[in-house]
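Undergrad: Quick check, what structure comes out for this input:
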Amino acid sequence: MTRSTSIAASVESYRSVRSTDEDWNIETLRELTDVLREALQLGSPPSAHLEILSEILKAFLFDEQSKSTAVGLDLIAMTYFDKTLDAILSQTTKNMAISEASSQEIFSRATSLQHKWQQRFKEEYFSIDYIRIKDIREGALRDVTLNVEDWKNDKIWLVARNEPVSHHQGDVGFEVGSWWLNIACAFRDGIVGGTGEKATKGPYNVTALPLLTGEEVEGPTLNMYEYTKRGTSKEMPFSILGNRGGPIRILRGHALKSKFAPKIGVRYDGLHVVKQYGHKLIDQNNNIYQCRLVLERATGQKPINDIILPLTPSQMDDWALYIRIVGEQIRARQGDVAYNEWREFLDAQRMAKEEYIQKKALEASFPRYKLITRKRIMS
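TA: Coordinates of the predicted model:
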């Protein structure tokens with residue numbers, strides 16, 4: 001097989017089995033654009049991907065010659081090809097580190113295709129995010145409703161309908177690494193039995209514990225984790241006591257102060273065994289407890305390092321749109337003051353997590369020394 005034939009075959013793999021335009025394979029195209037956008041940010045896209053990209057751009061341009069074959073705006077939106085063109089044009093003008101000939105060809109095709117799409121779709125092209133927002137509302141956020149009045153109580157999403165995605169997944173187990181925008185979406189699909197941070201049993205009697213807040217560090221041995229949390233008695237996972245020694249599903253949320261927590265959303269991290277559990281009252285006047293939980297990850301599962309991979313550009317884009325959906329509703333219903341408070345809350349939450357992870361990494365680097373917070377010298 002010649003090199004050109006091989007590239008052509010690779011391009012065809014991005015088309016679906018159907019023959020009409022729109023019948024490029026959205027999933028594989030989106031994977032390609034993710035790889036390219038990540039590589040373009042680093043300035044070193046793989047030559048093989050660039051060759052395939054060049055041929056896909058050529059195919060798109062060819063399809064533009066006929067209305068019957070030209071790609072639709074939905075496909076552009078769902079594959080994030082508009083953002084890929086932006087990345088190509090931006091990085092190429094910054095002297096992207098690829099060969100001159102291929103750089104000029106890709107730049108020329110990307111420029112021409114972007115111009116044709118902008119001319120054909122006009123203002124719709126520049127408001128393409130609305131297609132992606134609609135897809136998120138009807139897909140990832142299906143059957144959950146926004147309750148912006150309770151955003152301070154972490155009850156901003158309510159489940160309109162709780163239907164497990166399938167009997168097989170509910171009975172045997174969700175795929176490790178499964179991800180949701182929020183805990184309400186996880187509850188809707190049946191992996192947890194509620195939206196709180198307590199151990200619950202789903203529709204098929206499998207115990208799950210979401211670690212959405214609190215702190216977590218590595219345990220004394222490999223695949224062990226130590227989790228601590230402070231809060232009122234109502235916020236403590238006391239119900240986990242009944243599962244000591246038994247397997248439970250562990251989900252981690254992005255607000256959890258842990259290097260193992262997802263950067264965004266809620267992720268299922270597999271089956272764990274409760275090795276130790278304890279709690280104590282640390283503030284009697286305010287009914288504040290502190291709990292400590294030691295978990296051991298069950299063997300025979302996808303390694304944790306294969307789960308906590310960096311997010312793709314399209315995942316980050318989807319999360320930004322999710323935040324936009326929430327923010328627009330808060331601003332519309334409660335005004336700018338509430339919106340600004342919410343944004344400050346998110347920023348403070350993110351910074352607290354980052355600082356905690358950095359602190360623990362520093363402590364691990366200097367095990368003989370204990371970090372001491374310096375007292376301010378009052379003048």
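Undergrad: residue ranges for the helices of the stretch 1-150 of the chain, please.
TA: 3-12, 26-42, 47-63, 73-79, 81-92, 100-121, 123-126, 129-138 (DSSP state H, counting those that start in this stretch).
Undergrad: Distance-wise, check residue 40 relative to residue 186.
TA: 33 Å (C-beta to C-beta, to the nearest Å). For glycine as for every other residue, the C-beta is placed from the backbone atoms N, C-alpha and C.
Undergrad: same check, this time on residue 79
TA: 27 Å.
Undergrad: Give me the more crowded residue out of these two.
TA: It is residue 186, of residue 79 and residue 186, that has more neighbours when counted by other C-beta atoms under 10 Å, with 28 against 24.
Undergrad: Which helix or strand contains that one?
TA: Assigned by DSSP states H and E, residue 186 falls within helix 183-189.
Undergrad: list the helices and strands whatever helix or strand residue 271 lives in packs on?
TA: Taking DSSP H and E as the criterion, residue 271 maps to strand 266-283. Helices and strands touching strand 266-283, as assessed by 3 or more C-beta pairs under 8 Å, 6 or more residues apart in numbering; DSSP states H and E, comprise strand 179-180, helix 183-189, strand 224-232, strand 247-253, strand 288-297.
Undergrad: and with 6 Å instead?
TA: For strand 266-283, the packing partners by 3 or more C-beta pairs under 6 Å, 6 or more residues apart in numbering; DSSP states H and E come out as strand 247-253, strand 288-297.
Undergrad: could you dump these to CSV with mean pLDDT?
TA: CSV is the format used below for the helices and strands packed on strand 266-283 (pLDDT from 0 to 100):
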stretch, mean pLDDT
strand 247-253, 93
strand 288-297, 91
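Undergrad: so of those strands, which one's packed in deepest?
TA: Highest mean neighbour count of these: strand 247-253, a mean of 22 (counted as mean count of other C-beta atoms under 10 Å).
Undergrad: Note down every partner strand of the next helix or strand after the helix holding residue 186 and its orientation.
TA: Next along the chain after helix 183-189, taking DSSP H and E as the criterion, comes strand 200-201. Partner strands and pairing direction for strand 200-201 (DSSP bridges) are strand 207-211 (antiparallel).
Undergrad: in the strand it pairs with, what counts as buried?
TA: Burial within strand 207-211, assessed by neighbour count using 16 or more other C-beta atoms under 10 Å, is assigned to 207-211.
Undergrad: Can you report how many residues lie near residue 55?
TA: 18.
Undergrad: do the same with residue 302
TA: Residue 302 has 12 nearby residues by other C-beta under 10 Å.
Undergrad: try residue 316
TA: Count around residue 316 with other C-beta under 10 Å applied: 15.
Undergrad: Doesn't it lie inside a helix?
TA: Yes. Under DSSP: H, G, I helix; E, B strand; the rest coil, residue 316 sits within a helix.
Undergrad: how near is it to residue 83?
TA: For residue 316 relative to residue 83 (C-beta to C-beta), the value is 11 Å.
Undergrad: same thing with residue 348?
TA: Taken as C-beta to C-beta, the span from residue 348 to residue 83 is 29 Å.
Undergrad: same question, residue 41
TA: 12 Å.
Undergrad: One more: residue 329?
TA: 25 Å.
Undergrad: try residue 142
TA: Residue 142 is 24 Å from residue 83, by C-beta to C-beta.
Undergrad: okay, the two: which has more neighbours?
TA: residue 83 (17 against 13).
Undergrad: Now the phi/psi pair for residue 341, please.
TA: phi -60, psi -40 (degrees, to the nearest 10).
Undergrad: Ramachandran coordinates for the closest residue to residue 232 other than its chain neighbours?
TA: In this structure, residue 232 finds its nearest non-sequential neighbour in residue 287, 5.1 Å apart by C-beta to C-beta, 6 or more residues apart in numbering. The phi/psi pair for residue 287 (degrees, to the nearest 10) reads phi 60, psi 40.
Undergrad: middle-most residue in the protein, spatially?
TA: residue 264 (4.7 Å; C-alpha atoms, centre = their mean).
Undergrad: So that one is in contact with residue 318, correct?
TA: No. The criterion here is C-beta atoms under 6 Å, and residue 264 misses it with residue 318 at 8.9 Å.
Undergrad: ok, the residue lying closest to residue 61 once chain neighbours are set aside to residue 152 distance?
TA: Nearest residue to residue 61 in three dimensions, chain neighbours excluded: residue 113, at 5.6 Å (C-beta to C-beta, 6+ apart). Here residue 113 is placed at a distance of 46 Å from residue 152 (C-beta to C-beta).
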